[in-house]
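J.: coords below, sequence missing:
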């Protein structure tokens, strides 16, 4: 488009130059025998028209350059927007638990303590040495509050909609019955998680005092699988802001 405009402007300028020379000679009286008055008027009109065409083409060319720059800027902005959308989608997918994630963190392994039996059986002591769903819920809440970004128990990704409850010797999470030992994998701020495990007030240490068998370790590489088990809201809708 730009090359065609340049060619048209060049051609018009050549013709305009020829006409201008002819008009100049006529005005000097050197070509009276060649051009009549009517021809002189037509030539001058043609000259004015060519000047107008040149100005119009130059204006069109300037407008096209502005449009081209606008398109280039819009394309750059679109690419930036797409990158931002993809980055936000990846982040939200990781937080929602729908994709596999990996990172450093801690691993906690828990199982019931050694139960007393026969004449030594102590129901209260056995109860304290048993892991209950309320114990697991407290630990999950404390882990989230201590820098955890992704958590899995026996391979089950913990989502915001995950249920945790006892099923006799099992704990059910995301509809799956999980047997002991319970391996809790946590990806997050290792320093904060380490401090949590070292705290005398953390629930992980407290259930150890009850007789529950607990082992903890740090890991530089933990991989937690994604899940498609999150619930799609059917009744919840985004509320319009009050204006």
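T.: Great, that's in hand. This one's a predicted model, so the numbers in the text were calculated from it and none came from an experiment. Numbers count the residues shown, from 1 in each chain.
J.: Does residue 147 touch residue 192 like I think?
T.: Yes - Residue 147 is in contact with residue 192 according to CB atoms under 8 Å; the separation is 3.4 Å. All C-beta atoms are positioned from the backbone trio N, CA, C, and that covers glycine.
J.: Looking at the two, which is more packed in?
T.: The neighbour count for residue 147 versus residue 192, taken as other CB atoms under 10 Å, is higher for residue 147 (19 against 13).
J.: What pLDDT does the model give the more buried one?
T.: Confidence per residue is given as pLDDT, and for residue 147 that number is 91.
J.: Please report the distance of it from residue 238.
T.: The gap separating residue 147 from residue 238 is 29 Å, by CB to CB, to the nearest Å.
J.: same deal with residue 204?
T.: Between residue 204 and residue 238 the distance, using CB to CB, works out to 37 Å.
J.: now swap in residue 140 and tell me
T.: Between residue 140 and residue 238 the distance is 27 Å, computed by CB to CB.
J.: Among these two, which residue is more densely surrounded?
T.: Neighbour count, other CB under 10 Å: between residue 140 and residue 238, residue 140 has more, with 20 against 6.
J.: Wait, the more buried one touches residue 159, no?
T.: No - with contact defined as CB under 8 Å, residue 140 does not count as touching residue 159 (11.2 Å).
J.: Can you show me the helices along this structure?
T.: Per DSSP state H, the chain carries helices over the ranges 2-27, 37-96, 123-128, 133-144, 190-198, 203-209.
J.: Domain parsing of this protein, as residue ranges.
T.: Using automatic domain parsing, the domain parsing of the chain gives 2-95, 101-224.
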